[in-house]
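# The following block contains a protein sequence and its predicted model.
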Amino acid sequence: MEILNLPPYAPTLMESTRAIGYSLEAAVADIIDNSIAANAHRVDLYFFPVGGEYVAIMDDGIGMSDSELNIAMQYGSKNPNDQRQADDLGRFGLGLKTASLSQCRVLTVITKQGGTINARRWDLDYVAQSGEWSLLILDTAEMENVPHYSDLLQLDHGTLVVWQKLDRMKAGEINFEQALGKKMDAVREHIALVFHRYIAGETGINKLKIVMNGATVAAADPFLIKKSVQAMDNEILSIHGKKITVTPYILPHTSKLTSDEIKTLGGKEGLRRQQGFYVYRNKRLLVWGTWFRMMRQGEMSKLVRIKVDIPNALDDLWTLDIKKSSAIPPAEVRNNLRNIIDRMAERSKRTWTYRGKKETSDNITHMWNRLKTRQGGYIYEINREHPLIKAIIEKYPMQEGMIEILLQQIETEIPLNALYLDLTNDEKIENDKDKTVEEILDLVRNILRDTDKDKQREVINSIIFCEPFNECADDIITAFDRGKLI
């Protein structure tokens, strides 16, 4: 058997890999992954849109030796099937090159380690001219012409990545300076979310400060952990001897959130679109806002966020792509996740529909009844057995017919379309506002004012099992016994 060695033609392959599909924000995130792997504590991003346009990313990580830099610039320098350190965010050995050259034609990397500075450059035009894998080695004079080289010199160690000839970023733009401002906003929002656990300094990882053109990027916590409910304990799934940790959260209803918190969650529209799983690999967010086709996105489940932590040892099972923006759970994981989805969707539905009130308790008398019809629909009717309704009819027996007509009219004229519109647009409905204890006690005083004294105790005993009186039953009984309600 003969063997024919067919190495790829450098200009063609390098131009082809530019079309893998990186967005600007995904490309920047890929470079920050390398900074994290280098134990960086700070990453500075620079976007310069005029004249000699460039994007620069500099970190204070451990830097690279001359040989390490050569490997980093080599295409396919790592086998994706090789076992790697648990905190390694890479996989294919392509990220630095493919991410960078998806946006530019000239990639320069300068690194400082142990007092030594080395620099390499991929220039696609030079590669096309030479027809070879011609990696350029820069001398000191050439390094001095690279943006922010002087800033790197101020660090004890670190790495500077510079993109120049931004052809892909400029494609189709009439005013690149203005367009870059919008692109920067997208980058800021992306990295604030993708690296939020690093920016926040979560236990077990190095805290990372990310600065864009001098402005510090704040973490965007998609779970609002300080306000949300962790709906159930962490669930540990064991796959091939490796652990996957699943942590479900239920967000507060939007009426309980500030405008800044709603913005953090992606705005009112983003709140619906970003429900679902949030998959992290070594605490770096990979995929979010998806149910992996295990259920549909809906209004009643839009408060659900499920955090899934996976180790890099399971990359092959999750079919992680080069851009680290796509991952699909294996079948054995999906089976376990379906059970969690069902439980969480029901919890979210109760939070959304009932706004946290105890409407599912059998011991509470509600003002409204929800009845299913034979046709499969629902009817909402006022509960005629509610103590307040019964008390009114007993006091005005001659008007029972008129009272019934009034109740039926209220039931018929419920503004269902307006309510649905307000709820799905996350509008704050003031009727839903919880009453204070004193406001509820005032209601009781008004009820007792028109009640015979010998029946007041009976009224108290009945209304404490009704909304909203059940929320402060002990206060009502105490106030009545002390004569403060009469």
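Nice, thanks for sending it over.
# any idea which helix or strand carries residue 316?
Under the criterion DSSP states H and E, no helix or strand holds residue 316.
# let me fix that: residue 244
strand 242-250.
# what about the closest residue in space to residue 486 that isn't next to it in sequence, which SS state?
In space, and not counting its chain neighbours, residue 486 is closest to residue 448: 6.1 Å by C-beta to C-beta, 6 or more residues apart in numbering. For the C-beta atoms, the positions are set from N, CA and C on the backbone; glycine is no exception. Three-state call for residue 448 (DSSP: H, G, I helix; E, B strand; the rest coil): helix.
# Pretty sure residue 448 sits against residue 479.
No: between residue 448 and residue 479 there is no contact under C-beta atoms under 8 Å: 10.5 Å.
# okay, and the common contacts of the two?
Counting by C-beta atoms under 8 Å, 6 or more residues apart in numbering, the shared contacts of residue 448 and residue 479 are residue 485.
# just how off-centre is stretch 273-287 within its chain?
7 Å (C-alpha atoms, centre = their mean, to the nearest Å).
# hang on, I meant stretch 384-401
51 Å.
# which SS state does the spatially most central residue of the chain fall under?
Centroid check for the chain by C-alpha atoms, centre = their mean gives residue 222 as the closest residue, at 3.5 Å. Assigned state for residue 222: coil (three-state reduction, three-state DSSP).
# shift numbering so it begins at 12
Got it, first residue is 12 now, which makes that one residue 233.
# What distance do you get for it to residue 307?
20 Å (C-beta to C-beta, to the nearest Å).
# What of residue 346?
From residue 346 to residue 307 the distance is 19 Å (C-beta to C-beta).
# Quick check: buried residues in the helix or strand hosting residue 79?
Following DSSP H and E, one finds residue 79 within helix 77-84. Buried residues in helix 77-84, defined by neighbour count with 16 or more other C-beta atoms under 10 Å: 80, 83, 84.
# all helices for the stretch 12-161 of the chain, in order.
21-27, 35-48, 77-84, 106-112, 135-141, 151-154, 160-164 (DSSP state H, counting those that start in this stretch).
# List the buried residues of the first one.
I take that to be helix 21-27. Of the residues in helix 21-27, 21, 22, 25 count as buried by neighbour count, 16+ other C-beta under 10 Å.
# quick one: the second one and residue 136 touch, right?
No: in this structure, residue 22 is not within contact of residue 136 by C-beta under 8 Å, at 9.6 Å.
# And for residue 154, the neighbour number?
As a burial measure, residue 154 scores 19 neighbours (other C-beta atoms under 10 Å).
# need the contact list for it.
Residue 154 makes contacts with 121, 128, 130, 160, as judged by C-beta under 8 Å, 6+ apart.
# what's the spacing between stretch 345-355 and its chain's center?
On C-alpha atoms, centre = their mean, the centre of stretch 345-355 falls 19 Å from the chain's centre.
# Please save the CA atoms from it in PDB.
Written as PDB, here are the backbone C-alpha positions of stretch 345-355 (Å, rounded to 0.1, in the frame of the first residue of the first chain):
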ATOM      1  CA  ARG A 345     -31.600  14.500  28.600                       C
ATOM      2  CA  ASN A 346     -33.600  11.800  30.300                       C
ATOM      3  CA  ASN A 347     -32.700  13.200  33.800                       C
ATOM      4  CA  LEU A 348     -33.200  16.800  32.700                       C
ATOM      5  CA  ARG A 349     -36.800  16.100  31.500                       C
ATOM      6  CA  ASN A 350     -37.900  15.200  35.000                       C
ATOM      7  CA  ILE A 351     -36.400  18.400  36.300                       C
ATOM      8  CA  ILE A 352     -38.000  20.400  33.600                       C
ATOM      9  CA  ASP A 353     -41.500  19.100  34.400                       C
ATOM     10  CA  ARG A 354     -41.100  20.000  38.100                       C
ATOM     11  CA  MET A 355     -39.700  23.500  37.400                       C
END
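# measure stretch 271-289 end to end?
21 Å (C-alpha to C-alpha, to the nearest Å).
# Now do the residue of the chain most remote from its centre against residue 182, distance only.
No residue in the chain sits farther from the centre than residue 409, which is 59.2 Å out by C-alpha atoms, centre = their mean. Distance, residue 409 to residue 182, by C-beta to C-beta: 81 Å.
# So between residue 346 and residue 307, which is more surrounded?
Neighbours were counted for residue 346 and for residue 307 using other C-beta under 10 Å; residue 346 has more, 12 against 7.
# Make sure I have this right: the more buried one is in a helix.
Yes: under three-state DSSP, residue 346 sits within a helix.
# Now for it: which residues touch it?
Taking C-beta under 8 Å, 6+ apart, one finds nothing in contact with residue 346.
# quick one: it from residue 414, how far?
Distance of residue 346 to residue 414, computed by C-beta to C-beta: 55 Å.
# try residue 312
Counting by C-beta to C-beta, the gap from residue 312 to residue 414 is 40 Å.
# neighbour count winner among those two?
Higher neighbour count among residue 312 and residue 414: residue 312, with 21 against 15, using other C-beta under 10 Å.
# Wait, the more buried one touches residue 284, no?
No: under the criterion of C-beta under 8 Å, residue 312 makes no contact with residue 284, lying 12.0 Å away.
# which residues in the stretch 362-497 of the chain form helices?
Under DSSP H, counting those that start in this stretch, the stretch 362-497 of the chain gives helices at 398-406, 411-423, 427-435, 448-460, 464-474, 484-492.
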